[in-house]
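>>> sequence and predicted structure, then a few things I'm wondering about:
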Amino acid sequence: MTSATKTTPSVAPRRAVLSDPGYQAFAILRVGFTVAPILFGLDKFANLLVDWPTYLAPWIDDVVPGSAQAAMYAVGVVEIVAGLAVALAPRFGGWLVAGWLAGIIVNLLTMPGYYDVALRDFGLLLGAVALARLAQRYHGERRPH
């Protein structure tokens with residue numbers, strides 16, 4: 001009977017957290033902002049989804065050394081690192097992704113024809129900020145009793 005009593009309290013807190021809508025939102029955002037940057041980063045090396053160099057503003061291409069594709073390789077590495085940062089340390093990774101998205105938005109707003117993508121990325125930036133704020137509450141904290 002004593003072992004049953006010890007088992008129940010350790011299981012109950014986990015169910016309480018998993019049923020918490022705030023925790024669910026945190027988990028969804030964490031998975032999304034882990035997987036998406038890693039996949040987009042990997043695609044910078046393959047250009048399967050889109051021809052990524054066309055998304056680099058000409059003025060940035062003039063500033064960075066090498067070709068636009070070489071710049072996309074660097075972008076890909078940063079995106080993969082950002083995704084891993086979200087997976088391992090979402091309180092930091094969320095802000096890293098938000099900052100990265102802000103840079104992408106600035107890049108896109110300096111080119112005609114990409115304003116819709118910039119607006120979409122602004123929505124993603126808001127999601128990354130929400131992840132960072134939720135991580136402050138849920139990541140690394142002991143589960144409620």
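Yep, it's here.

>>> what's the burial count for Y73?
Y73 is flanked by 15 other residues according to other CB atoms under 10 Å. The way it works is simple: take the backbone N, C-alpha and C, and place the C-beta from them, glycine included.

>>> likewise the one 10 residues further on?
Using other CB under 10 Å, the number of residues around G83 comes to 24.

>>> ok, the one 10 residues further on next?
For G93, the count of nearby residues is 26 (other CB under 10 Å).

>>> ok, it to E79 distance?
If you measure G93 against E79 using CB to CB, to the nearest Å, the figure is 12 Å.

>>> where does pLDDT dip in this protein?
1-16, 140-145 (pLDDT under 70).

>>> which parts of it are helices?
Secondary structure of the chain (DSSP state H): helices located at 2-18, 21-43, 58-63, 68-88, 90-109, 115-138.

>>> okay if I get these as a markdown table plus distance to V50?
Formatted as a markdown table, those follow (distance: least, CB to CB, whole Å):
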| stretch | distance to V50 |
| --- | --- |
| helix 2-18 | 37 |
| helix 21-43 | 8 |
| helix 58-63 | 16 |
| helix 68-88 | 10 |
| helix 90-109 | 13 |
| helix 115-138 | 10 |
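
>>> of all these, which one is nearest D51?
helix 68-88 (9.3 Å; CB to CB).

>>> which other residues reach the closest one?
30, 33-38, 40-45, 47, 52-53, 56, 60-61, 64, 92-94, 96-97, 100, 131 (CB atoms under 8 Å, 6 or more residues apart in numbering).

>>> so which bits of that helix are buried?
68, 71-72, 75-76, 78-83, 85-87 (16 or more other CB atoms under 10 Å).

>>> quick check, distance from it to the centre of its chain.
With CA atoms, centre = their mean, to the nearest Å as the basis, helix 68-88 stands 11 Å off its chain's centre.
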